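Chemist: quick one: sequence plus predicted model below, questions after.
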Amino acid sequence: QVELVESGGGSVQAGGSLRLSCAASRFQASFNSMAWFRQVPGKEREGVACIDFTGRITYGDRALGRFTISKDNAKNTLYLQMNSLRPEDTGMYYCSADTFCWPEKYWGQGTQVTVSS
């Protein structure tokens with residue numbers, strides 16, 4: 001069974017930075033696509049950034065110019081560097097994985113990001 005475990009969330013002030021990590025088990029990150037999604041209560045899940053098995057990256061509007069997705073295939077770990085955080089970035093961030101972007105087959109438990117003004 002594939003397991004994805006996120007970490008790195010927390011509370012920061014606007015303008016601050018966070019780095020999220022997603023460690024994958026029983027899954028070959030190098031041969032698959034992985035992504036970050038954001039969700040807040042009462043709203044649909046939003047794609048933040050995705051990196052596919054070729055290394056091609058797609059960003060959602062929220063991430064453009066502020067967030068950077070990366071993947072360390074040797075460590076089977078996905079990252080999301082988030083800079084210039086805004087209060088509207090607050091939410092639960094989930095890691096996902098499957099063959100193609102935007103993957104929705106496997107999910108982590110989420111990590112909470114809270115940005116205060």
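Modeler: Done, it's in.

Chemist: S30 touches I51, doesn't it?
Modeler: No. The pair S30 / I51 is not scored as a contact, 11.0 Å apart, by C-beta atoms under 8 Å. All C-beta spots, glycine's among them, are computed from the backbone N, C-alpha and C.

Chemist: quick one, which of the two is more surrounded?
Modeler: Higher neighbour count among S30 and I51: I51, with 22 against 12, using other C-beta atoms under 10 Å.

Chemist: against D89, how distant is the more buried one?
Modeler: I51 sits 19 Å away from D89 when distances are taken as C-beta to C-beta, to the nearest Å.

Chemist: now Q109
Modeler: Distance from Q109 to D89, by C-beta to C-beta: 19 Å.

Chemist: before we move on, what about F53?
Modeler: Using C-beta to C-beta, F53 is found at 27 Å from D89.

Chemist: same deal with N83?
Modeler: In terms of C-beta to C-beta, N83 sits 10 Å off from D89.

Chemist: could you do A35 as well?
Modeler: 16 Å.

Chemist: just say helix, strand or coil for the residue nearest in space to the middle of the chain.
Modeler: With distances taken as C-alpha atoms, centre = their mean, the residue of the chain nearest its centroid is W36 (2.6 Å). Put simply, W36 is strand when judged by DSSP: H, G, I helix; E, B strand; the rest coil.

Chemist: quick one: contacts for it?
Modeler: 20, 22, 47-50, 69, 78, 80, 93-96 (C-beta atoms under 8 Å, 6 or more residues apart in numbering).

Chemist: one more time with 6 Å
Modeler: With contact taken as C-beta atoms under 6 Å, 6 or more residues apart in numbering, W36 is in contact with V48, A49, L80, Y93.
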